[in-house]
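Enquirer: got a structure for you, letters missing:
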Ligand SMILES: [Zn+2]
């Protein structure tokens with residue numbers, strides 16, 4: 001894909017899960033979703049998320065850089081997929097309920113904010129546990 005910041009570079013997004021580093025590719029919803037984020041280590045150092053056809057720039061706080069609309073309807077399923085003993089990350093939760101990882105990650109964050117779940121980092125990634 002062409003780098004969305006307009007620098008003119010072409011980014012290679014590997015979708016072959018047999019390779020070491022591959023992105024999940026999903027076309028449910030309003031457009032393409034890729035997981036995890038795309039982060040260029042060289043050149044323009046772009047870091048962005050492709051989520052339901054939106055480009056969401058990471059660490060940029062500006063007008064127009066918005067997440068796709070939130071649907072709270074998946075919160076119950078996300079909470080149901082959480083365990084109260086075994087912490088799970090957003091990928092595991094998304095696999096369990098067959099939803100997009102970014103949607104699940106956002107819903108899980110809302111559940112934490114509402115005191116229904118807890119989260120912390122393990123090896124650099126967030127995990128979630130249903131609150132007692
Ligand atoms: Zn670029």
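Expert: Received the coordinates, thanks. Computed from a predicted model, the values in this text were never measured in an experiment.
Enquirer: Dihedrals phi and psi, residue 87?
Expert: phi -70, psi 140 (degrees, to the nearest 10).
Enquirer: OK, contacts around the residue most central in space within the chain?
Expert: Central residue check for the chain by CA atoms, centre = their mean: the C-alpha nearest the mean position is that of residue 102, 2.9 Å away. Counting by CB atoms under 8 Å, 6 or more residues apart in numbering, residue 102 touches 33, 35, 49, 51-52. C-beta coordinates here come from the backbone N, C-alpha and C atoms, glycine included.
Enquirer: For stretch 63-76, which residues meet the burial criterion?
Expert: In terms of neighbour count (16 or more other CB atoms under 10 Å), stretch 63-76 has its buried residues at 68, 74-75.
Enquirer: To clarify, my last question referred to stretch 98-109.
Expert: Buried-residue list, stretch 98-109, by 16+ other CB under 10 Å: 99-109.
Enquirer: For that stretch, the averaged confidence score.
Expert: For stretch 98-109, mean pLDDT is 96.
Enquirer: what do you get for stretch 44-54?
Expert: On average, stretch 44-54 scores 94.
Enquirer: ok, and for that stretch, which residues are buried?
Expert: Those would be 46, 48-52, 54, for stretch 44-54 by 16+ other CB under 10 Å.
Enquirer: Doesn't the residue nearest to the centre of the chain belong to a strand?
Expert: No - assessed with DSSP: H, G, I helix; E, B strand; the rest coil, residue 102 is helix; it does not lie in a strand.
Enquirer: tell me which element the closest residue in space to residue 67 that isn't next to it in sequence is part of?
Expert: Spatial nearest neighbour of residue 67, excluding adjacent residues (CB to CB, 6 or more residues apart in numbering): residue 56 at 5.9 Å. Secondary structure from DSSP states H and E places residue 56 in strand 54-57.
Enquirer: Mind giving me the packing neighbours of that strand?
Expert: strand 47-51 (3 or more CB pairs under 8 Å, 6 or more residues apart in numbering; DSSP states H and E).
Enquirer: Does the strand it packs on reach the ion?
Expert: No - applying CB under 5 Å from the ion, one finds strand 47-51 separated from the ion by no less than 9.4 Å.
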